[in-house]
Each structure stands twice: as structure tokens, then as C-alpha cells.
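Enquirer: Sequence first, predicted model second:
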Amino acid sequence: MSRTPISLFSPEFVFATAQYESGDWDSAPLVPVNVIDSVARYTSLPVRATGVIVPLASRELFRYPLVFLTGHLPVRFTGAERANLAEFCARGGLLFVDDHNHDIDGAFHRTAVEEIGRAVAPLQQLPNSHAVYRSFFTFEDGPPATGHELNGWGDNLVHTHLLAVQRDDRLSVLYSNKDYSSEWNYHPENKRFLSVDNTKFAVNLVIYALTR
Amino acid sequence: MPSRAEPVRARLEWAARVAAFALLAWALWRQFTPAPVASRVLDSASLARTVGAVLSADGRTQGPTHVRVTGAVPPPVRDVVAAARRAGARVSWSGDSTTVWAAAGAPEREPGGGVRVAVVGPAARDDSGVLADTTGALDTLRLRDGGAALTLSPARGLQLRARGAAIALNVAPDTAPWRALVLARAGWEAKFVVAALEEQGWTVSARLSLAPGTDVTQGALSALDPAALDVVVVLDSVRVGPETAEIVRFVRAGGGVVLAGDGATRLSAVAPAELLSASTRAPRSDAVVTRASLPLRALTTLRADAVVLESRGPLVAAAARSEGRGRVILLGYGDTWRWRMAGGATAVAEHRRFWSQALAGVAPDRAPLPAAPEGAPRARLVDAWGAMSAAPATPTDGSNARWLWPVAALLLVAEWASRRTRGAA
């Protein structure tokens, strides 16, 4: 028997960003480190200090039950990506998709929604009473607004709901066009300049994924 | 001068005369002495029609009766004969009562579980029966080497039909909720164990630790009481510090406990073993994960009363033991969520079954249903009619002694002829 001093259970949470063939999957490179910082800041969960990039079409995807996907450009999944994503969600994985364009009818939004519908199931509006808004911090009004929404950029709307695909009362896909990719895309050191930490909802998302 | 043969001849004549008269006397005695009443022999298949030969319509018992049992005896007929025996009728029996000597069923201890039926019969004979419920036949149960068992999901009125006998099994699947509490650190293993159990039908509450003093809870957390909770699952020791004594009390009072990971360290008072500190290597990241490739911390220092449930080569992977009125199982597997996420096509279902069966193995028995009254037909027959006896020999009567007369006549004629021809030579 070859023995290695590993824990019986994976000791660390690893933040994974999905890499896909089309579009600009790496448009928010500072989001992972910022989310990791927040999870470590507010919980005692062991978190790997750096995130990983996982190709959507690879078997590696199944090592990371929470995967973040973002971009500005139109999304067209390959057949392998689509099949992998469908299986990933069926097995209990959660894909968090954020539209980096912060608009309602941009190219990313239209294509990503269509692709998710083809691969998993059509997105539905998620009630603001959902458990993801209470899994750690409480967001009484649903998803927190982003600075881009409040400043009137993009479609000049504050999106009051997220969209989701649910399976057996669990989120399989959570879709945002609030542009959290821009909101969280800064170095964690700069959190000290914020009066309110705007990454708290990311902590909720991670805790929801780990517990539900 | 008389020859030397004369005395011998005279003695033979005398013997023939005595024998002839003795035979005649015995024949006359048999003729005028009433013969013993022979047993009537009845067949069990037609006993419902012929039971009047045992107990008459006015309640008087009849003569001795022997019943050749060739199948099941209907309970009402069996009871009539038993009543006749108690009233003084002489009834004996022989033969096989039924193919099935006893059958019993019990609901499985997990949600959606069916009913497990166990049957015992004569060891020397292979036979089969049909399990049926009110909707019709469900499955065939083949009796081999004296026993058989089968799990199925009946509706109502489960019964076993064998050789014309219908044995009612007073059992149905348990539809009451099965409740589990998962105590763990928040993480993928806890998430997917909860998910697997919920998908399998368990009512799961969970208390998952995020930080000291900060837990995520799910569902209605009830007290650790076997009346309100069936099984506690402890995935690691982080959460169970303050509750160790409660969990020990819970299992001793009849609850079930599933330990995995280092959940056993704080519960060594009830755990069936300890875990080795090192584990087998985790599967490669691109490999299809199977249960056999999961990292394993082998069980060691097994208690004397621990029962090994599963091994991987020389390594013990799971063991269980009883503690008080409850049961504890310890699993050496880690990261079973990888099996679900990165396993083969059936891995999700296998992962669900694995965890559900682990819990079912320690879940307490629910209040038993009253035993089926006809669950053991042979035992009931022996109880009612007494032990089986040998079949009676073919009865005889006076007509069988007809050979006596010609033999006696032949002896007399021989004796007379001998006397008449004496000295003629």
C-alpha cells in the first residue's frame, strides 16, 4: 500500500474558474483571489490560497463542484463542453455565471442563456427569499446591487433577481447579469478602502455551494 | 413286528391332528370375536369434505382416523380436527404439511425500502412459491437447501402461495419518514452526503461548522433522542466535541450512529475500531473514480465484538458493532463525493445507495407488526394435531383368515389317510 499523509476528506476549498473555447473566459482575473480572501476572512474553512482554471470540456471539471464562469463576448459551447456541463450539473455541481457586460441584452447574456438552456435547462427567476441569500450573510432584498448598476452603466437597470436552474431544490446554475465580475475584480488589499465589503455575497455563494 | 418307522408316523399323525384342531379353534375364535376397529385413512386434500369422519355433525367423535397430509391444511379444517382430538377422537397424521414450514417478512430500515421475506422449508427438497399482494403476483421465490430470501415492494396483503397454501405475511413497507442528522465541517463531503441521503428519501437535518461558534444548520434540529431521530452521521470530529456524551447516550438508547473520517476519534467509547493515521493514495485527477479507488484509512484495533463489513484486500474498510440497544458503523472511506462527481455513469445512484445502506445498517427497528397468524403452518399443525406418526399398516379383517379352513382340512385328511394306510406297505 502506498501511503501519503493526505487527509481523508479534501481539506481545502478550491475556487475554480471555467475556461471555455469561445469568448473571453479570463476577463476578471482578480475575482478568484478576492473571493478566496473573503471566505478566509469570514470563516475558518480551509481555502487554497490560489484558484484554479479548469477547462469546461475536461474531466478535471468534476473535481470542483463550484465553478465560476464569466466573459463579455458571445458564448458558444463545444459539444464536449456542453455534455460535460450537463453531466456536471446532473451530478450535483453548481455553475455560477456572471455577465461581465452588466446589460440586459448583450451578446454574452443572449448566448450564455441560450447555451445554458441547451446544456442544462432553461433559466428561471430565482426568488429573493432563496437560501443563497441567507447562507451566511443575510440579504433581505435579494442579490446586492453593484456599483455599475447604481451608476447607471450598461442597461441602466438594477437587476432585482438572479436567474437559476434548480434541481431537487438545489441550485445547478446561478446566473447573474449584475456584473459581479467587475464588482469583485480588484485586489483584496483594497477592501480596506470600502465602507462595506462588496464581496460578502460571494461568501454566501461559496457557503451555499459547500452546504447545500 | 412293527417297523421302526411306526412310532414316528404315529407322532406325526398326532401332531397333524393337534394342529388341525388348533387351527379350527383359532378360526372359530376369530369368527366370533369382534375385530379391532381399523383407522380410517383420509387425505388432507379432501379433508374439508371428509372431516365428518372425525367429528360428526352432532359433535360426537368418530373412530380412529389417520390423515395423510399432502399439502396445506386449511386453518378451519385444521381447527375442527384439533377440536375433535381434544374431545377424545383418535387422530394421527403423517406426511408433509406444506412446502414452506415458516415464512416471515420485515420492512427494510431505509426510505423506499421494500420488505425482506425469509422462508424456511424442508432441507432436502427444492421448491418454489409465489409472492403476491392484492394487485397480483410479484415474484417467484425458489427454495433451495431449505431456505430462501427475497426483497420486494408489495402494496398490501402480502402472502406467499406454495402448493396451494397461502401464508399471509403481516408486513408492508415502512412509509414513516426516516430521520438523520449530519454533523460535520462544511465541505464537499458533507454537502454530497446530505444530498445523497435526501435524494434517497431520508429526512435530513444538518449542523455544519463554518467557524468557531458559527454553524450552518439545515432542517429541524431535534434532540438526540431515538424517538425523534433514527441515525446520527458524524463525518469529522470538529462538530461533535460538545455532543460526544449525547451521542453515546443516543446510541445506547437505541439510535444508530455512522462514523466516517476522524468522526471516530471523539467517539472511541462506542466506535468499533480506530482509523489508521495514513490513507491510501487518492485517485488521479483525470481518472474515473470508483469506490475501490477512493482514499481509504483502514480500520485498525478492532474491538472484540466488531463485525467487519467490508475489506479492500487486507485492509478493513468498514466495521460495525452494537452498543447498548443501538448500533455503530465506522467507514474508512474518504471523499466519497469524488466517486459521485467523477465516477462512472451509475456513480450517482451508487453513491446514494452506499450512504443510505450505511444508515440502514444501524437504523433502529421500528415497532414490530403483530406476527402473521399463519406464518408457520407446519408448526401450527404440530401444535394442533400433535407430532407426526407413522402411517398405519393396511387394516386386516376376518376375510384374511380364509386359508385356515383348507389348511385344517388338509391336515385332517393327511392324518386320516396315514392311519388308513398304516401297515399296507
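Expert: Great, that's in hand.

Enquirer: Distance check, A:Ser135 against B:Pro74.
Expert: Counting by Cβ to Cβ, to the nearest Å, the separation of A:Ser135 from B:Pro74 is 64 Å. (C-beta placed from N, C-alpha, C; glycine too.)

Enquirer: Which residue, other than its chain neighbours, is closest to whichever residue of the stretch 101-250 of chain B sits closest to chain A?
Expert: Going by Cβ to the nearest Cβ, chain A is nearest to B:Ala211 of the stretch 101-250 of chain B, at 4.0 Å. Nearest non-adjacent residue to B:Ala211, counting by Cβ to Cβ, 6 or more residues apart in numbering or on different chains: A:Ser44, 4.0 Å away.

Enquirer: Check B:Arg161 too.
Expert: Per Cβ to Cβ, 6+ apart, closest to B:Arg161 is B:Val130, 4.7 Å.

Enquirer: Surely the one you found touches B:Ala137?
Expert: Yes - using Cβ atoms under 8 Å, B:Val130 is in contact with B:Ala137, at 5.2 Å.

Enquirer: neighbour-wise, which of these two wins?
Expert: B:Val130 (15 against 10; other Cβ atoms under 10 Å in any protein chain shown).

Enquirer: Let me know the secondary structure of the more buried one.
Expert: strand (DSSP: H, G, I helix; E, B strand; the rest coil).

Enquirer: Distance of the residue nearest to B:Arg161 relative to B:Ala19?
Expert: Taking Cβ to Cβ, one finds B:Val130 at 65 Å from B:Ala19.

Enquirer: same thing with B:Ala384?
Expert: Taking Cβ to Cβ, one finds B:Ala384 at 51 Å from B:Ala19.

Enquirer: Who has more neighbours out of these two?
Expert: B:Ala384 (19 against 15).

Enquirer: contacting residues around the more buried one?
Expert: B:Arg78, B:Asp79, B:Val81, B:Ala82, B:Arg85 (Cβ atoms under 8 Å, 6 or more residues apart in numbering or on different chains).

Enquirer: Now do the phi/psi pair for it.
Expert: Here is the backbone geometry of B:Ala384 (degrees, to the nearest 10): phi -80, psi -40.

Enquirer: Report pLDDT for it.
Expert: Per-residue pLDDT puts B:Ala384 at 84.

Enquirer: Helices along chain A, start to end?
Expert: A:31-42, A:79-90, A:107-119, A:147-150, A:180-183, A:200-211 (DSSP state H).

Enquirer: how about TSV for these, with mean neighbour count, distance to chain B and mean pLDDT added?
Expert: Formatted as TSV, the helices of chain A follow (neighbours: other Cβ atoms under 10 Å in any protein chain shown; distance: least, Cβ to the nearest Cβ, whole Å; pLDDT from 0 to 100):
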stretch	mean neighbour count	distance to chain B	mean pLDDT
helix A:31-42	21	8	96
helix A:79-90	18	7	97
helix A:107-119	19	17	95
helix A:147-150	16	28	83
helix A:180-183	25	22	94
helix A:200-211	24	5	97
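
Enquirer: Go through these and name the closest to B:Arg40.
Expert: For B:Arg40, the closest of the helices of chain A is helix A:79-90, at 72.1 Å, according to Cβ to Cβ.

Enquirer: Who has more neighbours out of A:Ser135 and B:Pro74?
Expert: Taking other Cβ under 10 Å, A:Ser135 and B:Pro74 do not tie; A:Ser135 has more neighbours (23 against 15).

Enquirer: contacting residues for that one?
Expert: Going by Cβ under 8 Å, 6+ apart, A:Ser135 touches A:Asn204, A:Leu205, A:Ile207, A:Tyr208, A:Thr211, A:Arg212, B:Val216.
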